[in-house]
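In: only geometry, no sequence info:
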């Protein structure tokens, strides 16, 4: 059974940094598309960042501030979040697809088969 477990969330002041991690067990995902999504209160879940093989993609709202990375040997996915803003407050989810998605579909949550439980990130002063 596949399990994804996120860690590293919490509270941070605007301008601060946090690093999220997602550990996968049950299968390997080295050839699959993996991603981070987030859902703010009252909003729909949205794509944040993802990786197809070694290529990364970002939403416009986090580009230049967030960095996604993967460690295939450890079957983990990370998200380094710098220069955090109030609007980054959300529950963050890691998501793994059973396929290597094409660029145009990797931002759709429907393309992902496995999800973590979500972890809260709160940016406030």
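Out: Done, it's in. This is a predicted model, so every value here is computed, not measured.
In: In this structure residue 28 contacts residue 72, no?
Out: Yes - with contact defined as CB atoms under 8 Å, residue 28 counts as touching residue 72 (7.4 Å). For glycine as for every other residue, the C-beta is placed from the backbone atoms N, C-alpha and C.
In: what about residue 110, which SS state?
Out: Under DSSP: H, G, I helix; E, B strand; the rest coil, residue 110 falls in the helix class.
In: That one and residue 48, how far apart?
Out: Here the criterion is CB to CB, to the nearest Å. By it, residue 110 lies 16 Å from residue 48.
In: neighbour-wise, which of the two wins?
Out: A count of neighbours by other CB atoms under 10 Å puts residue 48 above the other of residue 110 and residue 48, at 25 against 6.
In: so that one sits right up against residue 40, yeah?
Out: No - look at residue 48 against residue 40 with CB under 8 Å: they stay out of range, at 11.2 Å.
In: Now do the strands in this protein.
Out: Under the criterion DSSP state E, the chain contains strands at 3-7, 10-12, 18-25, 34-39, 46-52, 55-58, 66-71, 76-81, 90-96, 114-115, 119-123.
In: okay if I get those strands as JSON lines plus distance to residue 106 and mean pLDDT?
Out: Formatted as JSON lines, those follow (distance: least, CB to CB, whole Å; pLDDT from 0 to 100):
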{"stretch": "strand 3-7", "distance to residue 106": "17", "mean pLDDT": "96"}
{"stretch": "strand 10-12", "distance to residue 106": "27", "mean pLDDT": "97"}
{"stretch": "strand 18-25", "distance to residue 106": "16", "mean pLDDT": "97"}
{"stretch": "strand 34-39", "distance to residue 106": "6", "mean pLDDT": "98"}
{"stretch": "strand 46-52", "distance to residue 106": "5", "mean pLDDT": "97"}
{"stretch": "strand 55-58", "distance to residue 106": "6", "mean pLDDT": "95"}
{"stretch": "strand 66-71", "distance to residue 106": "11", "mean pLDDT": "97"}
{"stretch": "strand 76-81", "distance to residue 106": "13", "mean pLDDT": "97"}
{"stretch": "strand 90-96", "distance to residue 106": "10", "mean pLDDT": "98"}
{"stretch": "strand 114-115", "distance to residue 106": "14", "mean pLDDT": "96"}
{"stretch": "strand 119-123", "distance to residue 106": "21", "mean pLDDT": "98"}
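In: Perfect, I'm done here.
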